[in-house]
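In: here is my input; please provide its structure:
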Amino acid sequence: MSTAIYKKGQGYWTRQMSTIAGGVIILLGAMWISDFFKNTDWFDLDPVYYRAASGVLWVGIFGSLLYYFIWLKPRSVDFLVATESEMKKVNWSSRREVVGSTIVVIALSAGIAGFCKVWDLVFVTFFSAIKVLDTPT
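Out: Down below sits the predicted model:
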């Protein structure tokens, strides 16, 4: 197996961001696995040694896998390179379009919530009037 970076100059930002995201997930996993050894009492050693060893082992194993899949494995590298080239072709919305769409979504959500609240009050009033629903006064 070669340790040279496959397609070194291509897909730079996609690989960088994938590496950062994977690194954060790996570090969170290391924190999670080290918590399992919080109260261990094996061989009369302080639990901090087990916690440190498990965290380092976790980061070493999964960091190596991350490096392999993002930087060395041809199939996954080709996918990341193709993803970056396709993202460059996307026609991104302008700030004005995004703000306008956001306002429409918020207004419609508020309108639907208000509509549901009004009908809820109508039904509560109706069913309270016909003594099907007992509401505190």
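In: same question for stretch 87-103, mean pLDDT?
Out: When pLDDT is averaged along stretch 87-103, the result is 94.
In: cool, and stretch 67-75?
Out: Per-residue pLDDT over stretch 67-75 has a mean of 90.
In: so how far is it off the chain centroid?
Out: Mean-position distance between stretch 67-75 and its chain equals 21 Å (C-alpha atoms, centre = their mean, to the nearest Å).
In: what's the end-to-end length of that stretch?
Out: In stretch 67-75, first residue to last residue: 14 Å (C-alpha to C-alpha, to the nearest Å).
In: pull up the gap between Ser93 and Ser85, please.
Out: To Ser85, Ser93 is 20 Å away according to C-beta to C-beta, to the nearest Å. Placement of C-beta: from N, CA and C, glycine included.
In: quick one, domains of the protein?
Out: 12-89, 92-137 (automatic domain parsing).
In: got those as a markdown table, with distance to Ile5 and mean neighbour count columns?
Out: Below are the domains of the chain laid out as a markdown table (distance: least, C-beta to C-beta, whole Å; neighbours: other C-beta atoms under 10 Å):
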| stretch | distance to Ile5 | mean neighbour count |
| --- | --- | --- |
| domain 12-89 | 5 | 14 |
| domain 92-137 | 29 | 10 |
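In: so can I have JSON lines of those showing distance to Ala4?
Out: Putting the domains of the chain into JSON lines (distance: least, C-beta to C-beta, whole Å) gives the following:
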{"stretch": "domain 12-89", "distance to Ala4": "8"}
{"stretch": "domain 92-137", "distance to Ala4": "34"}
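In: from the chain's centroid, how far away is the longest helix along the chain?
Out: Criterion DSSP state H: the longest helix present in the chain is helix 95-129. Its chain's C-alpha centre and that of helix 95-129 lie 29 Å apart, by C-alpha atoms, centre = their mean.
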